[in-house]
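Novice: model this:
(one chain, ligands or ions: 1)
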Amino acid sequence: MENLRELDKRHFIHPTSSIQQQQENGPKVIMEKGEGIYLYDKSDNAYIDAMSSLWNVNIGHGRVELADAAAEQMKKLAFSSAFSTFSHEPAIKLAEKIASISPANLNAVFFTSGGSEANDSAIKLVRHYWKIQGQPERQTIISLKRGYHGVAAASTSATGIPQFWGMAGHMMTGFTHAETPYGSSTDSAIASLRETIETEGAENVAAFLVEPVQGAGGVLIPPKDYLEKVRQVCDAYGILLIADEIITGFGRTGKMFAVENYGVQPDLLTFAKGVTSGYIPLGGVLVSDPIHEVLKEMSEGTLFHGFTYSGHPTAAAVALKNIEILEQEGLVENSREMGEALLQGFQNIKEKLNIVGNVRTMGLLGAVELVRNPGTNERFTSDQKVAPKVIDALHQRGVICRPVTYDNTDIICFAPPIIINKVQINTLVD
Ligand code: PLP
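Specialist: All right, here's what the predicted structure looks like:
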C-alpha cells in the first residue's frame with residue numbers, strides 16, 4: 001500500500017485537489033471496491049458513500065447488470081463513429097429513451113462524454129441558434145454566482161465560483177453572473193437577473209444557464225417560485241433557458257428531472273453523472289422541439305461540433321440499463337421518500353445540537369448548515385469553519401460527505417445513492 005501511495009504522489013495529478021497536500025500526505029484513502037451504498041478501502045474499512053461519490057452513483061455501487069451491459073455491447077460493437085452519416089442502435093435507443101422521460105418538448109439529444117462538455121455544447125448550440133436566426137450579437141450567457149457548470153472553456157466561464165477562473169483566467173468572453181436566491185428572496189434574485197439582462201442589453205443575451213438546485217454551491221434549493229419567475233423573465237426578454245441537471249437529473253431530487261419539481265419547461269437541459277450512475281462517462285444536451293426545428297431547417301453544411309465519444313455505444317448501452325433499473329426498481333420515488341426521511345433525521349440532529357442552522361433536502365440532495373447561533377443565524381468566522389472538522393470526524397466513523405465553506409458558508413452536503421433504504425438512512429443519521 002505504501003508503494004501505491006508513493007506512486008500516486010509521483011505520477012498522479014488529481015482533479016480539483018491540492019497538489020501540495022497530496023505531495024505531503026499522499027492520498028488519504030485508496031478505494032478498492034463498492035457495494036450498494038458502501039465503499040471499501042484497501043484495508044477493507046467500509047464507508048457510507050453519502051455523496052454517491054461525485055453526486056453520480058445514483059443506483060449504488062457494484063451493480064453487475066451494468067457491467068454485463070457494457071461487456072455485451074463491447075463484445076458486439078465497443079465503438080463506432082456517430083459522425084456524419086454513421087449511427088448505431090444503442091445511441092439511437094438511448095436518445096429516444098431520454099426524450100421519452102424528459103419534460104414535455106425536450107426530444108432531441110446531443111451526446112457528450114460528461115457534464116462540462118454538455119454545458120460547453122449547450123452554450124455553443126444556443127450561440128449557433130441565434131446566429132442562424134439572424135441575431136449573431138446574442139452571445140452573452142448569464143448564470144448565477146455560486147453556480148458550478150464544469151471546467152471546460154465555456155463551462156469554466158459560466159461557473160460562478162471565482163476560484164475556478166483563478167487558475168488560468170476567464171476562458172471565454174461573453175459571460176456574466178447574477179445573484180443567487182440564497183439567503184434572499186425570489187424578488188431580489190429576479191431583480192438581479194433583470195438588472196443583469198438590462199446591463200448587457202437583452203438583444204445581446206443568448207441564454208440563462210441555471211442549476212435547478214445548486215450542488216457544488218452548497219445544495220442551495222431556491223424558493224418554490226424562483227424558476228417559474230425565471231422562465232417568465234426569459235420569455236419577456238426572448239432569452240433561452242438552459243437547465244443544468246448534471247447533478248439533479250435521473251432521480252436525484254425525487255423526480256426524474258428537478259425542473260419537474262417546479263413545473264418549469266427549459267429550452268435546453270444538460271445532463272451527465274446519473275445517466276450512467278457513473279459506471280462509464282456520458283453526458284448530453286436535450287434540445288426542445290422549436291430549437292431542433294430551427295437547427296434542422298436553417299443550419300447550413302456541417303455542424304462543426306462533435307466529440308469522438310459523442311454517443312459512445314458502450315456508454316449508451318450502460319445508460320439504457322441504468323435507466324431501466326431506475327424505472328423498474330422505483331428509485332425516483334424512493335429518492336423522494338428517503339429524502340423526506342433524511343430531512344426528518346436532520347431535524348432531529350438540529351434539535352440536539354446547537355450549532356445546526358438550516359437543514360434541507362429535495363429528494364436525496366441535502367444539506368446541513370453549521371452556525372454559531374441558530375437563533376440569529378450568526379455564522380462562524382472564516383478561520384473557525386466547522387464543516388471540514390465534521391467531515392473529518394465523519395470520515396473516521398465511516399461516512400463520506402462534502403463540506404462547502406467558501407464565502408460565509410459552513411455547509412455539509414449529502415447525496416447518498418438513491419437505492420438507500422430507511423434502515424441505512426437511520427444509520428447515516430446516527
Ligand atoms: N454541472 C454541474 C451542476 C456539476 O455539478 C458538474 C460536476 O460536478 C458539472 C456541470 C461538470 O460535469 P463534469 O465534471 O462531468 O464535467
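
Novice: Residue 33 belongs to a strand?
Specialist: Yes: with DSSP: H, G, I helix; E, B strand; the rest coil as the criterion, residue 33 is assigned to a strand.

Novice: Correct me if wrong: it contacts residue 44.
Specialist: No: assessed by CB atoms under 8 Å, residue 33 is found out of contact with residue 44, at 9.0 Å. C-beta here means a position set from N, CA and C on the backbone, and glycine is covered the same way.

Novice: the more surrounded of these two?
Specialist: residue 33 (12 against 8; other CB atoms under 10 Å).

Novice: Residue 369 and residue 48, how far apart?
Specialist: 21 Å (CB to CB, to the nearest Å).

Novice: what's the answer for residue 91, then?
Specialist: 35 Å.

Novice: again, but for residue 314
Specialist: Distance from residue 314 to residue 48, counting by CB to CB: 30 Å.

Novice: Next: residue 333.
Specialist: 22 Å.

Novice: what about those two, which has more around it?
Specialist: Neighbour count, other CB under 10 Å: between residue 333 and residue 48, residue 48 has more, with 22 against 14.

Novice: wouldn't the more buried one be in contact with residue 395 here?
Specialist: No: Residue 48 sits out of contact with residue 395 when judged by CB under 8 Å, with a separation of 10.6 Å.

Novice: how's the protein carved up into domains?
Specialist: Using automatic domain parsing, the domains assigned to the chain come out as 36-51+330-429, 66-328.

Novice: Do the first one and the ligand come into contact?
Specialist: It stands for domain 36-51+330-429. No: for domain 36-51+330-429, no contact with the ligand is found by CB under 6 Å from any ligand atom; the gap never falls below 10.2 Å.

Novice: That domain: end-to-end distance?
Specialist: 17 Å (CA to CA, to the nearest Å).

Novice: What mean pLDDT does it get?
Specialist: When pLDDT is averaged over domain 36-51+330-429, the result is 96.

Novice: quick one: the nearest residue to residue 310 once chain neighbours are set aside and the ligand, what's the gap?
Specialist: Ranked by CB to CB, 6 or more residues apart in numbering and with sequence neighbours excluded, the top spatial neighbour of residue 310 is residue 111, at 4.6 Å. Residue 111 is 13 Å from the ligand, where distance means CB to the nearest ligand atom, to the nearest Å.

Novice: and if you look at residue 186?
Specialist: 21 Å.

Novice: wait, that residue sits on residue 229?
Specialist: Yes: between residue 186 and residue 229 there is a contact under CB under 8 Å: 5.9 Å.

Novice: who's in contact with residue 74?
Specialist: Residue 74 sits next to residue 314 when contact means CB atoms under 8 Å, 6 or more residues apart in numbering.

Novice: Now do it against residue 321, distance only.
Specialist: 13 Å.

Novice: near the ligand, which residues of the protein?
Specialist: Residues of the chain lying near the ligand by CB under 6 Å from any ligand atom: 54, 114-116, 119, 148-150, 211, 215-216, 244, 246-247, 272.

Novice: How many residues are close by whichever residue of the stretch 301-430 of the chain sits closest to the ligand?
Specialist: When distances are taken as CB to the nearest ligand atom, the stretch 301-430 of the chain reaches nearest to the ligand at residue 415, 10.2 Å away. Per other CB under 10 Å, the neighbour tally for residue 415 reads 31.

Novice: on that earlier part again, could you single out the nearest of the residues of the chain next to the ligand to the ligand?
Specialist: Of those, the one sitting nearest to the ligand (CB to the nearest ligand atom) turns out to be residue 115, at 2.2 Å.

Novice: give me phi/psi at the closest one?
Specialist: phi -70, psi -40 (degrees, to the nearest 10).

Novice: and the residues of the chain next to the ligand, which of them are in strands?
Specialist: residue 244 (DSSP state E).

Novice: Which among the residues of the chain next to the ligand count as buried?
Specialist: 54, 114-116, 119, 148-150, 211, 215-216, 244, 246-247, 272 (16 or more other CB atoms under 10 Å).

Novice: Please, where are all the helices along the stretch 251-400 of the chain?
Specialist: 289-298, 313-328, 331-352, 387-396 (DSSP state H, counting those that start in this stretch).

Novice: So which of the ones you listed is nearest residue 69?
Specialist: When these are compared by CB to CB, helix 313-328 sits nearest residue 69, at 3.9 Å.
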